[in-house]
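Engineer: sequence-free structure coming up:
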Ligand code: GLC
């Protein structure tokens, strides 16, 4: 777009609309906290709720646990196997890690193909690192909604994050993995625990920090778990002693009481799991880039950006969906170069060649709006979780957070901290 005063005004109005679409005021966020709390209570009571509030059969560690363990971490297309020794006193040795990448047919084909592939990778790992003849205990981090029936068994409730392997939903994933181990000759491995990635994150931090009582993932998907008193888990049918606690997997990605804009609705309508994982679709790395892309495409369609040359992937064409990855958003948000040259290069590679500096500024502003809303929603949900445990914030809380959005998206953590302070006041400093 040529930079005439009239054009600048038009561009400003168009951007203002998008800002409005992605804006959540303090009072909107307080509404999110209130609804989140209600949904938590309902989920814990076994009532109808978008929050599954799954008992995990795991409590926080004491820090004195010892031994050698193997862990399998499956939650996206990258997966890892590692061996680690816990030494007690909150200390652990350097883990030995092998990384693997799943192919499309593993993720969307028959479930047996997925589990057979994992079993084969396990065999490779043991060939390299395993001690012959020694039995090993394995922790299986399986980062999808699982209805646990014991610490070492649980059924997949539904797939998330674009997984759709057949014959897994409704089945015990530990049994499926065990059968695949049998088929591939992996013996001497006991699958002794099944955990969600949020639970693994919480427990790993709590091993060295007794204040840690929340685990959060802000990555390809998003979710959180926290420590709850069993007496408050109304749906719990087992016995428990006074004061006993358990980690609860909220599956917060599915929270659905959020104010949505037209881009959110479009994204949901064209997703694999329409109507589900609504919070995840506003917050996680799998979707943030697409939200920004849709808003930028709207501006391009109205001639407010990329009017001189083409808009590349910033169009309504179905083939362009999901091509603006959240990683590109991070690169743009990181750009400190003069005239936003790095942003220009990213846009060139995506077919929006020859962008003007003003185009690049607009793209960056949209990325900031999308990031800011995601961080604010995450902060409101986190505040609701912490206040559920400790309504007056009388204690310190360490939150263990992992995932590419939190770690790699410039400004995300700062936006989240600002929103926590906005919602909790000076007491927010009790949250580390
Ligand atoms: C998805 C999964 C959830 C997982 C999260 C982060 O939301 O349903 O179980 O914790 O992604 O990986």
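Structural biologist: Perfect, thanks for sending it. Keep in mind that what you see is a predicted model, and the values were worked out from it rather than measured.
Engineer: gap between the residue in the stretch 201-350 of the chain that the ligand sits nearest to and residue 159?
Structural biologist: For the stretch 201-350 of the chain and the ligand, the shortest gap (CB to the nearest ligand atom) falls at residue 221, measuring 2.3 Å. All C-beta atoms are positioned from the backbone trio N, CA, C, and that covers glycine. Separation of residue 221 from residue 159 (CB to CB, to the nearest Å) stands at 11 Å.
Engineer: over to residue 430?
Structural biologist: Taken as CB to CB, the span from residue 430 to residue 159 is 37 Å.
Engineer: repeat for residue 285
Structural biologist: Distance from residue 285 to residue 159, by CB to CB: 17 Å.
Engineer: go on, residue 125?
Structural biologist: Relative to residue 159, and taking CB to CB, residue 125 is found at 25 Å.
Engineer: compare the two (neighbour count), which wins?
Structural biologist: residue 125 (21 against 18; other CB atoms under 10 Å).
Engineer: ok, that one touching residue 100?
Structural biologist: No - checked against CB atoms under 8 Å, the pair residue 125 and residue 100 is beyond contact range at 9.1 Å.
Engineer: contacting residues for the nearest residue to residue 354 once chain neighbours are set aside?
Structural biologist: Computed as CB to CB, 6 or more residues apart in numbering, the closest residue to residue 354 that is not its neighbour in sequence is residue 309, at 3.9 Å. When contacts are counted by CB atoms under 8 Å, 6 or more residues apart in numbering, residue 309 touches 352, 353, 354, 355.
Engineer: just flag the most distant two among those.
Structural biologist: Across those, the longest distance by CB to CB is 8.2 Å; it joins 352 and 354.
Engineer: what ranges do the helices span in the chain?
Structural biologist: With DSSP state H, the ranges of helices along the chain come out as 5-22, 26-44, 104-108, 111-129, 173-183, 197-206, 262-269, 278-283, 285-301, 326-334, 341-349, 357-389, 404-408, 412-424.
Engineer: what's the least confident stretch among those?
Structural biologist: Lowest mean pLDDT within the helices of the chain: helix 5-22, a mean of 87.
Engineer: count of neighbours near the nearest residue to residue 163 once chain neighbours are set aside?
Structural biologist: Distances taken as CB to CB, 6+ apart place residue 107 nearest to residue 163, at 5.3 Å, with adjacent residues excluded. Residues lying near residue 107 (other CB under 10 Å) number 17.
Engineer: I'd say residue 107 and residue 77 touch.
Structural biologist: Yes - using CB under 8 Å, residue 107 is in contact with residue 77, at 6.5 Å.
Engineer: now do residue 172 against the ligand, distance only.
Structural biologist: 16 Å (CB to the nearest ligand atom, to the nearest Å).
Engineer: make residue 1 into 59 and carry on from there
Structural biologist: With the count now opening at 59, the last piece we talked about shows up as residue 230.
Engineer: could you find the closest non-adjacent residue to that residue?
Structural biologist: Closest to residue 230 by CB to CB, 6+ apart is residue 211, at 5.1 Å.
Engineer: OK, contacts around the one you found?
Structural biologist: So residue 211 contacts 230, 232, 233, 252 (CB under 8 Å, 6+ apart).
Engineer: among those, which ones are buried?
Structural biologist: By neighbour count, with 16 or more other CB atoms under 10 Å, the contacts of residue 211 hold 230, 232, 252 as buried.
Engineer: which residues of the stretch 159-308 of the chain score low on pLDDT?
Structural biologist: 190 (pLDDT under 70).
Engineer: let's go with 90 and repeat that
Structural biologist: 187-193, 245-246, 296-301 (pLDDT under 90).
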